[in-house]
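[1] Sequence isn't available, so here's the structure alone:
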């Protein structure tokens, strides 16, 4: 008996969390994952305002039971954008390559990609990755970095995630591959 | 009546500030801005040595009244290069995408671009960006990142800057554009 | 009489340091340097486990007498990977461009390059650079960044390193070149 794979999805937005508009981040994240992952998984979702203590508490809670936590929103330069600060505050290790590569990917579409402060970190056995707020940008950046996610989760002691190669091909070094 | 747009320019150099040679950074910064911005603006200039407390105090003073502060010089690995340290010390938020993109742009010209430690940060309603010391490199990096600067200043509550499209085309997402 | 140029090489690996397998990092680092540098030099080598206090102490000791210290191993996201933390803990200045460029170079070969957390820092008159663990990746990343290393060492007060141009061409700005 193996426990189900759990993935945490957190949409961070003052207005969406108050119902001023419909959140589009959580559906976009789940849709991408349903298409990309062949491993069965369940999602745990949260829709919260841009309050750093609340974001930190949510990330801590989800990282305890989820091998992967994806956030959407709150990564810009505006005063209320505190997602990166909250993520760094709960980090055991910071992985600067994710933010660099997500910005490089987004920069092919919009020059304002350099304003995104998104980070990725390890907390315990969970990988936490900040994603943009717009569904289109969520897909572009996940397409650009997800190939590295399953091996990262292997390395931090999480479950083995398998992907659908027509969407994204998970990369594992030959030395790390299991015998067939 | 709207207050004039003010932009702070800070040249950080022991030798130029002592008059050992003529500062070339401030004229290069102002020349680029005069060509690029169609919005009227005034510049506030400072020429100071590579002393961290003095750089921090200058950045704080200028950020209080300028929507944009550009520095030149002091970003290398030498012991007297302390511009990034001073900039980070006065930051509310760090924007890593600027440094990444400025180094990527400079790397097309010189392999030593990776030695530059330049950063960009938000302090209050001001964006502070470190630029290289050489006029040629100032132009190359401003050409490479300035398209994102006006929208960043919008997001932190500053004035609306408009550019001359033949020099640089300011990018604002459609959702953020004002009706014509 | 000039003192010999000394370069420190540190392989950081629990298993190799216990003799579980043969270390391949130190030979790969030395082989690359012997091919690339025309300046005579001697190497000082250390093979140590992934223990942060031991890595910090080793880096401090070597930085006192070596103008360049290269590490291999321990830069991934796993709990025992602490090389970047140890390197940052002994840093006077951080040079983010090295990590960015090394990841960009490795990304041409493997999408998991973004998982590497490698950094480069200045400590006193020594440049410390984290490299990957695999010999192939060591060569790829040194090929990608070493052109900037000799000028960096000039700037921090170290000896003048000359390279063999057919392997890597050291770049020094014209303003910094000595008269012939």
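    Perfect, thanks for sending it. On a predicted model such as this, the values are computed, not experimentally measured, just so you know. Numbers count the residues shown, from 1 in each chain, chains lettered A, B, ... in the order given.
[2] In chain A, which residue sits closest to chain B?
    Going by CB to the nearest CB, chain B is nearest to residue A:114 of chain A, at 3.2 Å. The C-beta positions use only the backbone N, C-alpha and C, and glycine is treated the same way.
[3] tell me the pLDDT at residue A:167?
    You'll see residue A:167 listed with a pLDDT of 96.
[4] Is the residue of chain A closest to chain B in a helix, a strand, or coil?
    Assigned by DSSP: H, G, I helix; E, B strand; the rest coil, the conformation of residue A:114 is helix.
[5] That one reaches residue B:144, doesn't it?
    No. Here residue A:114 does not reach residue B:144: they are 9.4 Å apart, not a contact under CB atoms under 8 Å.
[6] Neighbour count for the two, which is higher?
    Counting neighbours by other CB atoms under 10 Å in any protein chain shown for residue A:114 and for residue B:144 shows that residue A:114 has the greater number, 26 against 20.
[7] Helix or strand next in line after the longest helix anywhere in chain A, which one?
    Ranked by number of residues, the top helix in chain A under DSSP state H is helix A:52-65. Going down the chain from helix A:52-65, the next helix or strand is strand A:68-72, by DSSP states H and E.
[8] Would the very next helix or strand once past that following strand count as contacting chain C?
    Using DSSP H and E, the next helix or strand after strand A:68-72 towards the C-terminus is helix A:83-89. No. On the criterion CB under 8 Å from any CB of the partner chain, helix A:83-89 is out of touch with chain C, staying 13.7 Å away.
[9] helices or strands next to helix A:83-89 in the packing?
    Applying 3 or more CB pairs under 8 Å, 6 or more residues apart in numbering or on different chains; DSSP states H and E, one finds that helix A:83-89 contacts helix A:52-65, strand A:126-131.
[10] in it, what's buried?
    Across helix A:83-89, burial judged by 16 or more other CB atoms under 10 Å in any protein chain shown covers A:83, A:84, A:85, A:86, A:87.
[11] per-residue confidence averaged over the helix or strand where residue A:103 lies?
    Following DSSP H and E, one finds residue A:103 within helix A:96-107. Helix A:96-107 shows a mean pLDDT of 98.
[12] which residues touch whichever helix or strand comes after it?
    Next along the chain after helix A:96-107, taking DSSP H and E as the criterion, comes strand A:120-123. By CB atoms under 8 Å, 6 or more residues apart in numbering or on different chains, the residues outside strand A:120-123 that reach it are A:59-60, A:63, A:87-88, A:90-95, A:97-99, A:127-130, A:152, A:156, C:77.
[13] Adjacent strands (with direction) for strand A:120-123?
    The pairing partners recorded for strand A:120-123 under DSSP bridges are strand A:93-94 (antiparallel), strand A:126-131 (antiparallel).
[14] still on that earlier bit, just the buried ones out of the contacts of strand A:120-123, please.
    Looks like those have A:59-60, A:63, A:87, A:90-91, A:93-95, A:97-99, A:127-130, A:152, A:156, C:77 buried, using 16+ other CB under 10 Å.
[15] mind listing what whichever residue of chain A sits closest to chain C touches?
    Closest residue of chain A to chain C, CB to the nearest CB: residue A:97 (3.2 Å). Counting by CB under 8 Å, 6+ apart, residue A:97 makes contact with A:120, C:103, C:113, C:114, C:115, C:116, C:117.
[16] Max pairwise distance over those: which two?
    Greatest spacing in the contacts of residue A:97, by CB to CB: A:120 and C:113 (13.6 Å).
[17] does any bit of whichever helix or strand residue A:136 is part of sit next to chain B?
    Secondary structure from DSSP H and E places residue A:136 in helix A:135-145. No. Helix A:135-145 lies out of reach of chain B by CB under 8 Å from any CB, never closer than 10.0 Å.
[18] Name the residues that touch that helix?
    Contacts with helix A:135-145, where a contact means CB under 8 Å, 6+ apart, come from A:24-25, A:27-29, A:32, A:36, A:72, A:98, A:101-102, A:104-106, A:109, A:118, A:129, A:131-132, A:168, C:111, C:114.
[19] for chain A, where's the lowest mean pLDDT among helices and strands?
    helix A:14-18 (a mean of 95; mean pLDDT, DSSP states H and E).
[20] Check which helices and strands that helix is in contact with.
    Partner elements for helix A:14-18 (3+ CB pairs under 8 Å, 6+ apart): strand A:41-48.
[21] Counting by contacts, list what the strand it packs on packs against.
    With contacts taken as 3+ CB pairs under 8 Å, 6+ apart, strand A:41-48 sits against strand A:5-12, helix A:14-18, helix A:25-36, helix A:52-65.
[22] what's the most buried one of these?
    Scoring those by mean neighbour count under mean count of other CB atoms under 10 Å in any protein chain shown gives strand A:5-12 as the most buried, with a mean of 24.
[23] Relative to the whole chain's centre, how far out is it?
    Between the centre of strand A:5-12 and the centre of its chain there are 8 Å (CA atoms, centre = their mean, to the nearest Å).
[24] Up against chain B, what does chain A have?
    Residues of chain A found near chain B (CB under 8 Å from any CB) are A:76-79, A:81, A:85, A:96, A:99-100, A:103-104, A:107, A:110-117.
[25] Pull out the buried members of these.
    A:76-78, A:81, A:85, A:96, A:99-100, A:103-104, A:107, A:110-117.
[26] Chain C contacts on chain A?
    Contacts of chain A with chain C, taken as CB under 8 Å from any CB, map to A:92-98, A:100-101, A:104, A:122, A:127, A:145, A:147-148, A:151-152, A:155-157, A:171-173.
[27] Not counting sequence-adjacent ones, nearest residue to residue A:56?
    The shortest distance from residue A:56 to any non-neighbouring residue, by CB to CB, 6 or more residues apart in numbering or on different chains, is to residue A:86 (4.7 Å).
[28] can you check residue A:23 too?
    The shortest distance from residue A:23 to any non-neighbouring residue, by CB to CB, 6+ apart, is to residue A:16 (4.0 Å).
[29] Next: residue A:32.
    Nearest non-adjacent residue to residue A:32, counting by CB to CB, 6+ apart: residue A:142, 5.2 Å away.
[30] how close does the one you found get to residue A:34?
    Distance check for residue A:142 against residue A:34: by CB to CB, to the nearest Å, it reads 12 Å.
[31] Quick one: distance of the helix holding residue A:136 to the chain centre.
    Its chain's average C-alpha position is 10 Å from that of helix A:135-145, according to CA atoms, centre = their mean.
[32] after it, next one along is what?
    Where DSSP H and E defines the elements, the next helix or strand beyond helix A:135-145 is helix A:149-155.
[33] helices and strands around that following helix, which ones?
    With contacts taken as 3+ CB pairs under 8 Å, 6+ apart, helix A:149-155 sits against strand A:126-131.
[34] what residue ranges in chain A are flagged as low confidence?
    When residues are selected by pLDDT under 70, those of chain A lie in A:1-3, A:177-180.
[35] need the contact list for the spatially most central residue of chain A.
    Central residue of chain A (CA atoms, centre = their mean): residue A:70, 2.5 Å from the mean position. Taking CB under 8 Å, 6+ apart as the criterion, residue A:70 is in contact with A:7, A:8, A:9, A:10, A:29, A:33, A:128, A:129, A:131.
[36] Cheers, nothing more for now.
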